[in-house]
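Novice: this one's sequence-less:
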């Protein structure tokens, strides 16, 4: 089954309104006066990491991408559970896991390990506590808001290429993404919508537009990206784990951020780039399936 | 790396006292006046299910075994997150998932789907709310307690054999295990220790003995199993998802249960079977790795 069809079918099973967490958004759950945020991301060998890549980096990334989902909800992590398939590099995996848990002071709550063969699948579930109500979602951008990005765009792509080509250039943005937890918590009280840029700015902006029922009009002239000569690549490659958010024009973001566009009433296209719809056939970002 | 070594190394990373959930026990987390219970179990094609098995049954079991972990904590489920690798039988997987979620009224909170090749790995994280404090654990059995089992022993083995051999005999205990959620909640206020029997009664009894610092002395004459002619197989095959618990001699269990032994002060062996240590070389249950 095609992944998008599968996800659509999964969503139809999720009759509970809390079930917003399918495929890439985190779930929000009210409990005993607290608001929990839950997310689960899986990574597959050869697809989400290069064969032979240092498993310490893979462990880091496995946890970091889940923490990034918490960051976009302004949540502080309570812990993670790891689903691990045994294989080459397990000792390095443990070292990287130790490093990322230490770095973000996240308890390892549990998990499961299995023996497998073929391409390994790793999973991570992160649970966090929302620090602000309402919890930021994709569905809150209003016409007149400005669109902002905190974090870098395109650096993960350059890091991937450096690693793949063995060029010796810095590959850390791909190998060890930094979840913007403090930034997410600082922003949560001020934004009208927020998500992390996991699949490319253009695709994720289109998702906010769809969820909010608006059009996002982005302006490349206002963007700083890792490689300006490859602007569109930097906006569509993904894996950056920046925070994309919208806010009232009066908002002065409490963290470093660049203004990348504005929110307009829903038009014919959910996304405008420099005033025009993206070229037909342009791949907006990393699509599942 | 050997799975037991990996799990031991993982445990050493888990400096947080809440990190009891590695490999097979659920994690317990206090938050906002509530006590959360979290568990993650993974299943691998060809290892946890037969190639060609109906994926609706696999989906059921994936969720049910996690709910069983919640049951052993006396917790009521709040939801599950699914990590799914796409492949043959996805439509049936969705049907089985729908059935198990409906049956136990568990919301699907989120998850992730990935494309993969080779043996598929599926993961499930379940989160629940403890209904009783203290939350039952493995470490509470006291000398003088009696040892009890609620649920069947050996039926999953017979079900597996029926399915494998195409004998036409009932295979539902293997395909569609029943998490004893109501039983776990009813028992939680009364037990001194509790866990679910996922890996075989003897191995799981040894785990309670180790965690509690006692010896469990089991008596086969008092046990009803699915195939009395194969008593030891029924006690070591696993996959039954019964509840194993200990309680004060005055305890009258509020659910159907059989008394299978007593707790003694720690002796030379953590486990006695009909008064003697298990035969050297006897495989006590399904061991990971």
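Specialist: Ah, there it is. Since we're looking at a predicted model, the values are computed, not measured.
Novice: break down the stretch 101-250 of chain A into its helices, ranges please.
Specialist: A:155-165, A:172-175, A:181-187, A:201-212, A:231-236 (DSSP state H, counting those that start in this stretch).
Novice: dump those helices to TSV, plus mean pLDDT, distance to residue B:275 and mean neighbour count.
Specialist: Yep, even glycine has a C-beta here, placed from its N, CA and C like the rest. Formatted as TSV, these follow (pLDDT from 0 to 100; distance: least, C-beta to C-beta, whole Å; neighbours: other C-beta atoms under 10 Å in any protein chain shown):
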stretch	mean pLDDT	distance to residue B:275	mean neighbour count
helix A:155-165	95	61	19
helix A:172-175	96	58	21
helix A:181-187	98	56	21
helix A:201-212	95	65	23
helix A:231-236	96	70	21
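Novice: just put those helices in TSV and tack on distance to chain B.
Specialist: As requested, the helices of the stretch 101-250 of chain A are exported to TSV (distance: least, C-beta to the nearest C-beta, whole Å):
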stretch	distance to chain B
helix A:155-165	18
helix A:172-175	18
helix A:181-187	17
helix A:201-212	15
helix A:231-236	20
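Novice: reformat those helices as JSON lines; add distance to residue A:114.
Specialist: Formatted as JSON lines, the helices of the stretch 101-250 of chain A follow (distance: least, C-beta to C-beta, whole Å):
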{"stretch": "helix A:155-165", "distance to residue A:114": "27"}
{"stretch": "helix A:172-175", "distance to residue A:114": "25"}
{"stretch": "helix A:181-187", "distance to residue A:114": "29"}
{"stretch": "helix A:201-212", "distance to residue A:114": "32"}
{"stretch": "helix A:231-236", "distance to residue A:114": "35"}
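Novice: how about residues contacting stretch A:201-210?
Specialist: With C-beta atoms under 8 Å, 6 or more residues apart in numbering or on different chains as the test, stretch A:201-210 has contacts from A:138, A:141, A:147, A:149, A:153, A:193, A:195-198, A:215-216, A:218, A:234-236, A:238, A:240, A:242, A:244, A:246, A:260-261, A:266, A:270-271, A:273, A:278, A:282, A:284-287.
Novice: tell me which of those residues fall in strands.
Specialist: A:147, A:149, A:193, A:195-197, A:215-216, A:218, A:242, A:244, A:246, A:260-261, A:271, A:273 (DSSP state E).
Novice: which among the residues you listed gets closest to residue B:103?
Specialist: Using C-beta to C-beta, residue A:195 is the member of the ones in strands among the contacts of stretch A:201-210 that lies nearest residue B:103, at 33.5 Å.
Novice: give me the number of residues near the closest one?
Specialist: Each residue near residue A:195 was counted by other C-beta atoms under 10 Å in any protein chain shown, and the total is 25.
Novice: tell me the bridge partners for it.
Specialist: Judged by DSSP bridges, the bridge partners of residue A:195 are residue A:244.
Novice: ok, it touching residue A:138?
Specialist: Yes - Residue A:195 is in contact with residue A:138 according to C-beta atoms under 8 Å; the separation is 5.3 Å.
Novice: joint contacts of the two?
Specialist: Common neighbours of residue A:195 and residue A:138 (C-beta under 8 Å, 6+ apart) are A:25, A:207-208.
Novice: name the nearest of those relative to residue A:176.
Specialist: Looking across the shared contacts of residue A:195 and residue A:138 and measuring by C-beta to C-beta, the closest to residue A:176 is residue A:25, at 23.5 Å.
Novice: surely that closest one is in a helix?
Specialist: No - Residue A:25 is assigned coil when assessed by DSSP: H, G, I helix; E, B strand; the rest coil, not a helix.
Novice: distance check, it against chain B.
Specialist: Separation of residue A:25 from chain B (C-beta to the nearest C-beta, to the nearest Å) stands at 7 Å.
Novice: and that residue, how many neighbours?
Specialist: 20.
Novice: show me what contacts it?
Specialist: Residues near residue A:25 by C-beta under 8 Å, 6+ apart: A:39, A:69, A:137-138, A:195, B:110.
Novice: got TSV for those residues, with distance to residue A:95 and pLDDT too?
Specialist: Shown next, in TSV, are the contacts of residue A:25 (distance: C-beta to C-beta, whole Å; pLDDT from 0 to 100):
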residue	distance to residue A:95	pLDDT
A:39	24	95
A:69	24	96
A:137	36	94
A:138	35	94
A:195	31	97
B:110	29	88
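Novice: picking up where we left off before, buried members of the contacts of stretch A:201-210 into PyMOL, please.
Specialist: Filtering the contacts of stretch A:201-210 down to the buried ones (16 or more other C-beta atoms under 10 Å in any protein chain shown) takes a single PyMOL command:
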select buried, chain A and resi 138+141+147+149+153+193+195+196+197+198+215+216+218+234+235+236+238+240+242+244+246+260+261+270+271+273+278+284+285
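Novice: quick one: the strands in the stretch 51-200 of chain A, in order.
Specialist: A:75-85, A:108-114, A:121-130, A:146-150, A:193-197 (DSSP state E, counting those that start in this stretch).
Novice: quick check: angle from the last one to helix A:155-165?
Specialist: With axes from the mean of the first three to the mean of the last three C-alpha atoms, to 10 degrees as the criterion, the two stretches strand A:193-197 and helix A:155-165 enclose an angle of 10 degrees.
Novice: Provide the contact partners of strand A:193-197 at residue level.
Specialist: A:25, A:68-69, A:71-74, A:136-141, A:149, A:151, A:153, A:179-180, A:184, A:187-188, A:204, A:207-208, A:211-212, A:238, A:240-246.
Novice: who in the stretch 51-200 of chain A is up against chain B?
Specialist: A:78-79, A:81-86, A:90-91, A:94, A:97-98, A:101, A:107-121, A:123, A:125, A:127, A:129 (C-beta under 8 Å from any C-beta of the partner chain).
Novice: max-length helix in chain A?
Specialist: helix A:55-71 (DSSP state H).
Novice: roughly how far is that one from the heart of the chain?
Specialist: 10 Å (C-alpha atoms, centre = their mean, to the nearest Å).
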